[in-house]
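Chemist: coordinates only, sequence not included:
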């Protein structure tokens, strides 16, 4: 195992206790990406559960996590017939860094939706999408995630933000790791902040992110679509939908984040 | 204090420990409403915090809560300058019933949105909306919440579901309690399940509900708009937006719930 699989590995060291070695390649300017951290937490939750999938994850980001050793504590809260819920905490330097309530279950890979009103985002074909030039702080992350952005929503890279908080991209892991529950955790927090298209540059730390795994993803590229509803009082929301190569909605998330204070 | 204020009251009995007496008037068929329970948890979180508002609440519903005494445990996870986060647990009969990660902060009542792309739902005027005849199981709840539904989305009450998971209504508390953070907690889980418009009748237990308070609500009626994206494998999502009488988005939520198994 290498790449994303190795980077998210957890090793059981006791009842509900796991060790991980966090990979600095998933950091941006020294702060590990929230989606990467949720993937690590989900692996521990599933390892401690009779079920296969992290169906619902509600994560609160308390402190910045850095590369290196960390502990994951899985505290069972309820185990039922179809689901189990745990409080899963990433601990670094003796302090809780991320708290997540994770409900595991087992989704049927072949299940046809009973109703779907959602449409895949109107993505241009892959060949019309492109990565964007990483800055030094994002280079490692950009090497691990192959993101090809819809150029229509990338005016902000040239100082021409669209004025609407929206971004979309094709996504796959550069190391060939196929779409699975853990890469979905990464995908829901992989886009740059949608506030870039409102002319707000700078760090936008996630406070809370809840994501739901809705289906087992098919192999191939994922389409990732981010939108926001409201930027007010220094807070903004960002919804991300993730679609697999068969056009199914496989994950949905919303995060509440602090906005960069002023347009730069 | 009476009505909703009294029903959500918490009494401090120790460091991070509160007692509540849950009001059966907020139950439907014996199970207390999730929004009501989140209001009780939010009151304990704010009482234990230096901040005024439950900005973000991620609640997982582990067991059915019933009328009568309950304990609320508030465990601080992080206190920062602008926010504080706690794990807040409703305990009944010695078991965790609801777990919630709640981040408190203080929102500025006069803040103008920096950007809002959201539109209030296209609600018909109040006089064209109507309550619907409660069944015996919902009568107490319907007495406490004055809900006036958009008749265009109420075909399911006559066996003519619209085929789209959507409902909207005007909402106020019957006892005159004005819109505040706690009535917003109630509002995000006050609509009947949107799956009724897919012809799915029966109980739809919420597994996870995350809601964010986005602004301090103005006095007057709230407009509550519920929509769903996907019903698959026995799970559905429901987004609720709550708008105040000045047309501001004051709360937004998403829940993941179990769907009634078969059309009835």
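Modeler: Yep, that arrived. Everything numeric here is computed off the predicted structure, so don't read it as measured data. Numbering: from 1, shown residues only, chains lettered A, B, ... in the order given.

Chemist: residues from the stretch 1-150 of chain A in reach of chain B?
Modeler: Within reach of chain B by CB under 8 Å from any CB of the partner chain, the stretch 1-150 of chain A has these residues: A:55-56, A:58, A:60, A:62-63, A:77-78, A:83, A:85, A:87, A:96, A:99, A:101, A:103, A:107-108, A:111-118. Where you see a C-beta, it was placed from the backbone N, CA and C, and this is true even at glycine.

Chemist: among the residues you listed, which ones are buried?
Modeler: A:55-56, A:58, A:60, A:62-63, A:77-78, A:83, A:85, A:87, A:96, A:99, A:101, A:103, A:107, A:114-118 (16 or more other CB atoms under 10 Å in any protein chain shown).

Chemist: Can you flag which of the residues you listed belong to strands?
Modeler: Residues of these located in strands (DSSP state E): A:55-56, A:58, A:60, A:77-78, A:85, A:87, A:96, A:99, A:101, A:103, A:115-116.

Chemist: Which members of the residues you listed are the farthest-apart pair?
Modeler: Spanning the widest gap among these are A:96 and A:115, at 38.8 Å by CB to CB.

Chemist: Would you convert the ones in strands among the buried ones among the residues of the stretch 1-150 of chain A next to chain B into JSON lines that also reports pLDDT?
Modeler: Below are these laid out as JSON lines (pLDDT from 0 to 100):
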{"residue": "A:55", "pLDDT": "98"}
{"residue": "A:56", "pLDDT": "98"}
{"residue": "A:58", "pLDDT": "98"}
{"residue": "A:60", "pLDDT": "98"}
{"residue": "A:77", "pLDDT": "97"}
{"residue": "A:78", "pLDDT": "97"}
{"residue": "A:85", "pLDDT": "98"}
{"residue": "A:87", "pLDDT": "98"}
{"residue": "A:96", "pLDDT": "98"}
{"residue": "A:99", "pLDDT": "98"}
{"residue": "A:101", "pLDDT": "98"}
{"residue": "A:103", "pLDDT": "98"}
{"residue": "A:115", "pLDDT": "93"}
{"residue": "A:116", "pLDDT": "94"}
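
Chemist: ok, those residues vs residue A:193, which is closest?
Modeler: The closest of those, once distances to residue A:193 are taken by CB to CB, is residue A:60, at 18.0 Å.

Chemist: List the contacts of that closest one.
Modeler: By CB atoms under 8 Å, 6 or more residues apart in numbering or on different chains, residue A:60 lies in contact with A:98, A:99, A:100, A:207, A:208, B:56, B:58, B:77, B:85, B:101, B:103.

Chemist: cool, residue A:140 as well?
Modeler: Residues counted as contacts of residue A:140 (CB under 8 Å, 6+ apart) are A:24, A:25, A:26, A:27.

Chemist: Could you verify that it is part of a strand?
Modeler: No - counting by DSSP: H, G, I helix; E, B strand; the rest coil, residue A:140 is not part of a strand but helix.

Chemist: Which pLDDT value goes with it?
Modeler: Looking at residue A:140, its pLDDT stands at 94.

Chemist: how close does it get to chain B?
Modeler: Per CB to the nearest CB, to the nearest Å, residue A:140 is found 27 Å from chain B.

Chemist: I'd like the contacts of residue A:60 as CSV, with distance to residue B:194 appended.
Modeler: As requested, those are arranged in CSV below (distance: CB to CB, whole Å):
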residue, distance to residue B:194
A:98, 31
A:99, 29
A:100, 26
A:207, 27
A:208, 23
B:56, 23
B:58, 20
B:77, 32
B:85, 30
B:101, 25
B:103, 27
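
Chemist: Next, the buried residues of the helix ranked longest in chain A.
Modeler: Counting by DSSP state H, the longest helix found in chain A is helix A:34-47. For helix A:34-47, burial by neighbour count (16+ other CB under 10 Å) applies to A:34-46.

Chemist: elements contacting it?
Modeler: Packed against helix A:34-47 by the contact rule (3 or more CB pairs under 8 Å, 6 or more residues apart in numbering or on different chains; DSSP states H and E) you find strand A:17-22, strand A:53-61, strand A:68-79, strand A:84-92, strand A:95-105, helix A:181-187, strand A:206-213.

Chemist: excluding its backbone neighbours, what's nearest whichever residue of the stretch 51-200 of chain A sits closest to chain B?
Modeler: At 3.4 Å from chain B, residue A:58 is the closest residue in the stretch 51-200 of chain A, using CB to the nearest CB. In this structure, residue A:58 finds its nearest non-sequential neighbour in residue B:58, 3.4 Å apart by CB to CB, 6 or more residues apart in numbering or on different chains.

Chemist: is it true that that neighbour touches residue A:211?
Modeler: No - in this structure residue B:58 lies outside contact range of residue A:211 using CB atoms under 8 Å: 11.0 Å.

Chemist: Please tell me how far residue A:136 sits from residue B:165.
Modeler: 46 Å (CB to CB, to the nearest Å).

Chemist: what's around the nearest residue to residue A:7 once chain neighbours are set aside, how many residues?
Modeler: Closest residue to residue A:7 apart from its sequence neighbours, by CB to CB, 6+ apart: residue A:23 at 3.8 Å. When neighbours are counted by other CB atoms under 10 Å in any protein chain shown, residue A:23 registers 20.

Chemist: For residue A:23, give me the pLDDT.
Modeler: Looking at residue A:23, its pLDDT reads 97.

Chemist: same deal with residue A:29?
Modeler: pLDDT recorded at residue A:29 is 89.

Chemist: Please report how far it lies from chain B.
Modeler: In terms of CB to the nearest CB, residue A:29 sits 20 Å off from chain B.

Chemist: I figured that residue hits residue A:203, correct?
Modeler: Yes - between residue A:29 and residue A:203 there is a contact at 7.5 Å, judged by CB under 8 Å.

Chemist: Next secondary structure after the strand or helix carrying residue A:239?
Modeler: Residue A:239 belongs to strand A:235-243 when assigned by DSSP states H and E. Downstream of strand A:235-243, the first helix or strand assigned by DSSP H and E is strand A:249-258.

Chemist: Neighbouring strands - and their directions - for that following strand?
Modeler: Looking at strand A:249-258 with DSSP bridges, its partner strands are strand A:206-213 (antiparallel), strand A:235-243 (antiparallel).

Chemist: So what's the residue count around residue A:102?
Modeler: Residue A:102, neighbours per other CB under 10 Å, totals 27.

Chemist: Contacts only, for the nearest residue to it once chain neighbours are set aside.
Modeler: Nearest residue to residue A:102, sequence neighbours excluded (CB to CB, 6+ apart): residue A:45, at 4.1 Å. Residues in contact with residue A:45 (CB under 8 Å, 6+ apart) are A:54, A:57, A:74, A:86, A:88, A:100, A:102, A:104.

Chemist: hmm, 7 Å instead?
Modeler: Neighbour list for residue A:45: A:54, A:74, A:86, A:88, A:102, A:104 [criterion: CB atoms under 7 Å, 6 or more residues apart in numbering or on different chains].

Chemist: Check residue A:125 too.
Modeler: Applying CB under 7 Å, 6+ apart to residue A:125 gives no contacts.

Chemist: and if you look at residue A:203?
Modeler: Going by CB under 7 Å, 6+ apart, residue A:203 touches residue A:260.

Chemist: if I look at it, how far off is residue A:226?
Modeler: For residue A:203, the distance to residue A:226 (CB to CB) stands at 17 Å.

Chemist: How about residue A:105?
Modeler: In this view, residue A:105 and residue A:226 are 26 Å apart by CB to CB.

Chemist: just residue A:136 next, same as before
Modeler: 24 Å.

Chemist: Compare the two (neighbour count), which wins?
Modeler: Using other CB under 10 Å, the more surrounded residue of residue A:136 and residue A:226 is residue A:226, with 26 against 7.

Chemist: show me what contacts the more buried one?
Modeler: Contacts of residue A:226 (CB under 7 Å, 6+ apart): A:166, A:167, A:168, A:191, A:194, A:238, A:239, A:240.

Chemist: Thanks a lot, catch you later.
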